[in-house]
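>>> with the sequence up front, the predicted model follows.
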Amino acid sequence: MAGGDRQPGRGRLHPAGGAAPGPPPPRPRLPAGDGKAHGAALTGRLAPRQARPPAGGEQRPLLVELYVENVALLRRARVPFGPGFNVLTGETGAGKSLLLDALGLAVGLRPPPELVRELAEPIRVDAVFELADSHPAARELERLGFGGEDGQWVLSRELGRSGRGRCRINGRPVSAAELAAAGELLVSIHTQNESHRLLRPAVQMELLDAFAGDEALALRQELGRVYGQWRQAREEREQLARDERRRLQEMDLLRFQIDEIESAGLSEGEEERLKAEYTRLAAARQLRQWLAAALDHLVGSGAGGSGGTDGAGACALHALGRAQAAVAQAASLDRELAFAVAQLQQAGETLAELARTLRRHWEACEPDPERLAQLEQRLGLIDRLRRKYGQDVSAVLQHLEQAR
């Protein structure tokens with residue numbers, strides 16, 4: 001890796017392009033630690049840093065520090081970065097790629113599978129960034145609710161042995177997706193096969209807009225604002241059209257329901273009356289048999305007879321008549337039995353009237369298949385309307401009034 005000078009025995013990196021214009025910026029003193037990573041890992045913890053303006057009017061986000069714990073060989077390391085071009089050099093296996101992996105974790109990238117498999121201790125990674133308040137990334141982070149502190153943003157991530165992690169931005173817990181969204185605004189990591197990213201239209205658009213300059217970026221923002229207003233207006237117009245279609249559909253449905261219920265001509269109590277008639281007609285044959293047997297016991301001539309002498313000895317009216325004749329003879333000898341003659345005569349008249357009533361019912365119970373079919377059709381219509389509009393005829397009629 002080229003582009004920077006390394007001072008003998010110091011391990012500090014300087015901006016590329018020759019000697020630095022002045023002494024290197026002071027670094028916080030690093031306490032001694034036990035971290036060992038083939039000379040590539042430094043020990044220490046993140047220390048607060050004051051925000052500094054970008055050098056030479058530079059408006060790009062600046063990675064200030066990277067703090068790493070338990071990332072493979074890196075037990076504990078704090079790597080400070082300066083403005084401009086920074087280069088990490090070292091032997092193979094010294095941990096350069098691990099620092100890149102650690103930075104990727106801090107900005108929300110998916111952890112490498114081999115790193116998760118070999119995880120023995122919880123991982124912690126903190127990345128400190130500085131950028132001007134006027135930078136688009138700073139404004140976007142503010143819009144997302146991640147305000148900076150003195151121009152600094154600290155992206156933190158922890159991974160436990162189970163593979164589950166915790167993410168924070170400036171100490172505030174966030175989701176992995178939110179951490180990745182913030183990281184995309186601050187860092188572009190280019191690795192092997194990263195050129196495939198250039199095939200994405202969104203990346204191509206970002207590169208073109210960045211090349212166009214600030215004026216074009218401002219124009220793009222204005223165009224985005226106007227386009228957003230246009231899309232909102234279009235959505236509102238489409239919503240109004242959907243509401244109108246829904247209103248017309250509801251009106252058509254109500255008209256159909258009104259016509260359906262009105263054409264049925266329902267009335268209160270109709271269903272109960274029809275059910276009673278249906279039950280009687282459906283059992284007409286059995287009902288006629290029972291009424292015929294009762295008439296046979298009363299008049300002794302069967303339901304279709306005229307009260308002749310056939311079976312007279314067994315019928316109730318004839319038996320009552322013989323009893324009345326016997327009591328009348330007894331009353332001719334004993335006047336006190338006259339009341340019994342009158343009561344037997346009254347009982348005979350009552351039984352005769354009862355027999356005539358039962359005969360009328362027997363004659364009315366003639367099976368009527370045509371009427372039975374009409375009742376079935378009408379009750380089916382009522383049942384269908386009840387299932388659609390209410391639990392009974394009253395509820396159906398109430399729905400009709402509401403639909404009107």
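Looks like it came in fine.

>>> if I pick Arg124, what's in contact with it?
Tyr67, Val68, Glu69, Asn70, Ser156, Arg157, Glu158 (C-beta atoms under 8 Å, 6 or more residues apart in numbering). Backbone N, C-alpha and C define where each C-beta goes, glycine included.

>>> ok, 10 Å please
67-71, 76, 102, 105-106, 156-159, 165-166 (C-beta atoms under 10 Å, 6 or more residues apart in numbering).

>>> tell me how far the nearest residue to Ala395 once chain neighbours are set aside lies from Val226.
Leaving aside its sequence neighbours, Ala395 sits nearest to Tyr389 (C-beta to C-beta, 6 or more residues apart in numbering; 6.7 Å). Remark: distance between Tyr389 and Val226 (C-beta to C-beta, to the nearest Å) = 51 Å.

>>> pLDDT below threshold where in the chain?
Low-confidence segments of the chain, defined by pLDDT under 70: 1-60, 116-119, 162-163, 191-197, 301-314.

>>> all strands of it, in order?
62-71, 74-80, 123-130, 152-159, 165-169, 172-174 (DSSP state E).

>>> relative to the first one, what are the paired strands and their orientations?
In other words, strand 62-71. strand 74-80 (antiparallel), strand 123-130 (antiparallel) (DSSP bridges).

>>> just name the most buried of those strands.
strand 123-130 (a mean of 23; mean count of other C-beta atoms under 10 Å).

>>> closest to Leu358 out of the strands of the chain?
strand 172-174 (89.5 Å; C-beta to C-beta).

>>> which residues touch the closest one?
Against strand 172-174 from outside (C-beta under 10 Å, 6+ apart): 108, 144-147, 154-157, 166-168, 178, 180-182.

>>> mind doing that once more with 6 Å?
Cys167 (C-beta atoms under 6 Å, 6 or more residues apart in numbering).

>>> name the residues of it that are buried.
Residues of strand 172-174 classed as buried by neighbour count (16 or more other C-beta atoms under 10 Å): Val174.

>>> go on, stretch 267-276?
Buried residues in stretch 267-276, defined by neighbour count with 16+ other C-beta under 10 Å: Glu271, Leu274.

>>> alpha carbons only: can I get that stretch in CSV?
Only the C-alpha atoms of stretch 267-276 are listed here, as CSV (Å, rounded to 0.1, in the frame of the first residue of the first chain):
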residue,chain,number,x,y,z
SER,A,267,-94.0,-8.5,7.4
GLU,A,268,-93.6,-8.8,11.1
GLY,A,269,-94.4,-12.2,12.5
GLU,A,270,-94.6,-13.8,9.0
GLU,A,271,-91.8,-16.3,9.6
GLU,A,272,-93.4,-17.7,12.7
ARG,A,273,-96.8,-18.1,11.0
LEU,A,274,-95.3,-19.8,8.0
LYS,A,275,-93.2,-22.2,10.1
ALA,A,276,-96.3,-23.2,12.1
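
>>> ok, which stretches of the stretch 101-250 of the chain are helices?
Secondary structure of the stretch 101-250 of the chain (DSSP state H, counting those that start in this stretch): helices located at 113-117, 136-143, 176-186, 201-212, 214-264.

>>> next, report how far the third one is displaced from the centre of its chain.
The chain centre lies 28 Å from the centre of helix 176-186; the measure is C-alpha atoms, centre = their mean, to the nearest Å.

>>> is it true that Ala355 touches Val299?
Yes. Ala355 is within contact range of Val299, at 5.1 Å (criterion: C-beta atoms under 6 Å).

>>> between those two, who's got more neighbours?
Taking other C-beta atoms under 10 Å, Ala355 and Val299 do not tie; Val299 has more neighbours (26 against 21).

>>> look up how far Ala120 lies from that one.
In terms of C-beta to C-beta, Val299 sits 109 Å off from Ala120.

>>> same check, this time on Arg280
89 Å.

>>> so for those two, which residue has more residues nearby?
Per other C-beta under 10 Å, whichever of Arg280 and Ala120 has more neighbours is Arg280, with 13 against 8.

>>> so how far is Pro369 from the more buried one?
For Arg280, the distance to Pro369 (C-beta to C-beta) stands at 14 Å.

>>> could you do Ala137 as well?
Distance from Ala137 to Pro369, by C-beta to C-beta: 87 Å.

>>> who has more neighbours, those two?
Set side by side, Ala137 and Pro369 show more neighbours around Ala137, with 19 against 9, by other C-beta under 10 Å.

>>> which residue comes closest to that one once chain neighbours are left out?
In space, Ala137 is closest to Leu185, 4.0 Å off (C-beta to C-beta, 6+ apart).

>>> burial measure for the one you found, as a count.
Count around Leu185 with other C-beta under 10 Å applied: 20.

>>> surely it is in contact with Ala138?
No. Contact between Leu185 and Ala138 fails when scored by C-beta under 6 Å: they sit 8.6 Å apart.

>>> reformat the helices of the stretch 101-250 of the chain as CSV; add distance to Ala319.
Shown next, in CSV, are the helices of the stretch 101-250 of the chain (distance: least, C-beta to C-beta, whole Å):
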stretch, distance to Ala319
helix 113-117, 106
helix 136-143, 108
helix 176-186, 100
helix 201-212, 109
helix 214-264, 55
